[in-house]
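Visitor: got a predicted model here, sequence first, then my questions.
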Amino acid sequence: MLNDTICAIATALSNSGISIIRVSGQDAVEIVDSIFVNPSYKHILKSKESHTISYGFLLDGEEIIDEVLVSYFKGPKSFTSEDTVEINCHGGVFVTNKILDLVVKKGARLALPGEFTKRAFLNGRLDLSKAEAVMDLIASESNLSLKSSVSQLRGSVYDKIKELRESIIYEIAFIESALDDPEHISLDGYSDRLLEKISDIEKNIEKLLRSHNNGRLVKDGIRTVIVGKPNAGKSSLLNVLSGFDRAIVTDIEGTTRDIIEEKITLGNINLLVVDTAGIRETEDVVESIGVKYAIEYAENADLILYVVDSSKALDENDMNIITMLKNKKSIVLLNKQDLESKVDYDELVKLVPDSLIIKTSMLNELGIEELEDSIMNMFTLKEIDSSNEVMITNERHKEALSLALSSISQVKNSIELGLPEDFYSIDLMSAYASLGSIIGEEVSDDLVNEIFSKFCMGK
């Protein structure tokens, strides 16, 4: 498969100023050269130096299809480490597809999702953590997630994992050498030295694992659930935060029955906001399902926004909602401050001692700025130093680190039990392999295919 030439549209397929068709493989230059001419109608691409851009026309037979710029990158100094040509054409959908069809007709095949990046990985251009960072970079929707992706693309995760693996493989090599040549290499006192070394490795892995929670929030956003009784102002809050009418708002209780999700950016962070059905006792089958979902979403939320209708006294439904706030980051919005309040503020403070309370009015957007500031202060996500900060944002990386930590713990256990040194070697090798799976040195073909299948076409 790596011997053939692949092609794909590398930009979004829509009417726009420019589109790019990417061609990579051993015949990339010859294929594009056969359809590209300069203004003097000469085929000149094969004579061009690497990392140059040429102006000219694309021909289908004698017919000019488009006026283009063609970029040429000679392997291995290209993204895929193969000869790569990029055709920069006008961004019409029809002309872009016509050029792609012509490239295929001349001998290239359509690339699979993520196949360009997969080739970069297989050709040693990127390790697996950097390849995954490419996908995260494309999907970034906040400054923090962008910085995190750039940091990983520059090798922050790779460098740390490589450092840990080098420490582990040194100990494995020492144990194996000592067992093979006990006359010249002594293991006396080695267990104590190894215990100190792997304790340091253990601390480093634990630190990486602790970074995952913040990493997940940076990458995926803060899972935020809006709860409250029917007609408290939950949907109005979603509309105010999102800046448009995302949810239907009426004076009829129970209008929201299904789950409504919206991604909202506040400063450097993203919120995955879920507006749920009003929580109350109900005999309506559809509404009860919505209430059930609301409770489930709240259980898994990073942040709960509890909207209270201050124009109505607290009741049993409110008490049930308040129990959901226990051990959760939460903000209580004492809403409808434009109406006469029937909720005792001091009583509410006693009921939700661990929650921040903000007086709001969705009608005139009272308290919204305070709410936004409070959320950003509540989730103080550390700014990422692109040269030093290592943050685990990938769930696959977290699982591999957990396996490595388990193996390291087993080594400590073997030392404490006084087991022979070859037991240490087995678990150290397991930790070494688990860490290797993060950067692609210990992965199966199936896993590689699964990872790159999630990429967009043309990347």
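Guide: In hand now; what should we look at?
Visitor: what helix or strand is the closest residue to Gly107 other than its chain neighbours on?
Guide: Once flanking residues are discounted, Gly107 sits nearest to Ile31: 5.4 Å by Cβ to Cβ, 6 or more residues apart in numbering. Placement of C-beta: from N, CA and C, glycine included. Per DSSP states H and E, Ile31 falls inside helix 28-33.
Visitor: mean confidence score for the next helix or strand after that helix?
Guide: Downstream of helix 28-33, the next assigned helix or strand under DSSP H and E is strand 36-37. On average, the pLDDT along strand 36-37 is 96.
Visitor: who does strand 36-37 touch, helix- and strand-wise?
Guide: Under the contact criterion of 3 or more Cβ pairs under 8 Å, 6 or more residues apart in numbering; DSSP states H and E, strand 36-37 touches strand 52-60.
Visitor: what does the strand it packs on rub up against?
Guide: 35-39, 41, 44-45, 48, 64-72, 87, 89, 98-99, 102 (Cβ atoms under 8 Å, 6 or more residues apart in numbering).
Visitor: cool, and stretch 362-375?
Guide: By Cβ under 8 Å, 6+ apart, stretch 362-375 touches 222, 224, 233, 236-237, 239-241, 266-267, 269, 271, 303, 305, 331, 333, 335-338, 356, 358-361.
Visitor: how about 7 Å then?
Guide: Residues from elsewhere that reach stretch 362-375 (Cβ atoms under 7 Å, 6 or more residues apart in numbering): 233, 236-237, 240, 266, 303, 331, 333, 335, 337-338, 356, 358-360.
Visitor: give me the buried subset of the contacts of strand 52-60.
Guide: 35-37, 45, 48, 65-66, 68, 70-72, 87, 89, 99, 102 (16 or more other Cβ atoms under 10 Å).
Visitor: out of those, which are inside helices?
Guide: The members of the buried ones among the contacts of strand 52-60 that map onto helices under DSSP state H are Ile99, Leu102.
Visitor: check which residues of the longest helix seen in the chain are buried.
Guide: Counting residues, the longest helix found in the chain (DSSP H) is helix 190-220. Of the residues in helix 190-220, 190-191, 194, 198, 201-202, 204-205, 208-209, 211-212, 214-220 count as buried by neighbour count, 16+ other Cβ under 10 Å.
Visitor: coming back round to it: who are the packing partners of the helix holding Ile31?
Guide: strand 84-91 (3 or more Cβ pairs under 7 Å, 6 or more residues apart in numbering; DSSP states H and E).
Visitor: what's the end-to-end length of stretch 217-224?
Guide: 11 Å (Cα to Cα, to the nearest Å).
Visitor: shift numbering so it begins at 537
Guide: Got it, the first residue is 537 from now on, which makes the last one we talked about stretch 753-760.
Visitor: got a list of contacts for it?
Guide: Against stretch 753-760 from outside (Cβ under 7 Å, 6+ apart): 672, 680-681, 684, 799, 805-810, 836-839, 841, 915, 917, 927, 929.
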